[in-house]
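**Q** Coordinates for the following, if possible.
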Amino acid sequence: MIEKLTANELTALLNELPGWKTDDSATSIHRSFKFADFNEAFGFMTRVAIKAQEMDHHPEWSNVYNKVEITLSTHEAKGLTSRDAKLARFIDSITKTSADA
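**A** Have a look, this model is predicted:
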């Protein structure tokens, strides 16, 4: 069984990844992204989808035109794990936008 992040690990992760916010129960992290247009947003989602499939760790997300909302959590652990940290780092590494939506 994969272990949940400790409070200290979560704090360090949020410091490392500006723009990501935790929910009130600290069981997920969320970030909004805004792109130039739908094509750019969809391309971003495609790159994330390929990585998520490789990891067998899939985000909860939505897309409306140029905006993408992503929530990460590990359901089997009922909270945040290293899987979420790894996927969030990847997402940030491919993001061209610097400001949240």
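**Q** Show me the longest helix that occurs in the chain.
**A** Looking across the chain with DSSP state H, the single longest helix is helix 38-55.
**Q** Against which helices or strands is it packed?
**A** strand 60-64, strand 67-72, helix 82-94 (3 or more CB pairs under 8 Å, 6 or more residues apart in numbering; DSSP states H and E). For glycine as for every other residue, the C-beta is placed from the backbone atoms N, C-alpha and C.
**Q** Figure out which of the ones you listed is closest to Ser32.
**A** strand 67-72 (5.4 Å; CB to CB).
**Q** contacts for the longest helix of the chain?
**A** Outside helix 38-55, the residues that touch it by CB atoms under 8 Å, 6 or more residues apart in numbering are 33, 35, 58-59, 61, 63, 65-68, 70, 83, 86-87, 90-91, 94-96.
**Q** Then stretch 77-97?
**A** 1-5, 9-10, 13, 16-17, 19-20, 22, 26-29, 31, 33-35, 40, 44, 47-48, 51-52, 55, 57, 59, 70, 72-74.
**Q** orientation of the longest helix of the chain relative to strand 60-64 in degrees?
**A** Angle, helix 38-55 to strand 60-64, by axes from the mean of the first three to the mean of the last three CA atoms, to 10 degrees: 170 degrees.
**Q** Just give me the neighbour total for the closest residue to Glu76 other than its chain neighbours.
**A** Distances taken as CB to CB, 6 or more residues apart in numbering place Ile2 nearest to Glu76, at 6.8 Å, with adjacent residues excluded. Using other CB atoms under 10 Å, Ile2 has 12 neighbouring residues.
**Q** follow-up on the earlier one: would you show me how to pick out the buried ones of the contacts of helix 38-55 in ChimeraX?
**A** This is the ChimeraX syntax for the buried subset of the contacts of helix 38-55, where burial follows 16 or more other CB atoms under 10 Å:
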select :33,35,59,61,63,66,68,70,83,87,90,91,95
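**Q** just for the chain, where's the confidence low?
**A** The model of the chain has pLDDT under 70 over residues 96-101.
**Q** Mind doing that once more with 80?
**A** 1, 96-101 (pLDDT under 80).
**Q** any idea which residue sits dead centre in this protein?
**A** Ala88 (4.2 Å; CA atoms, centre = their mean).
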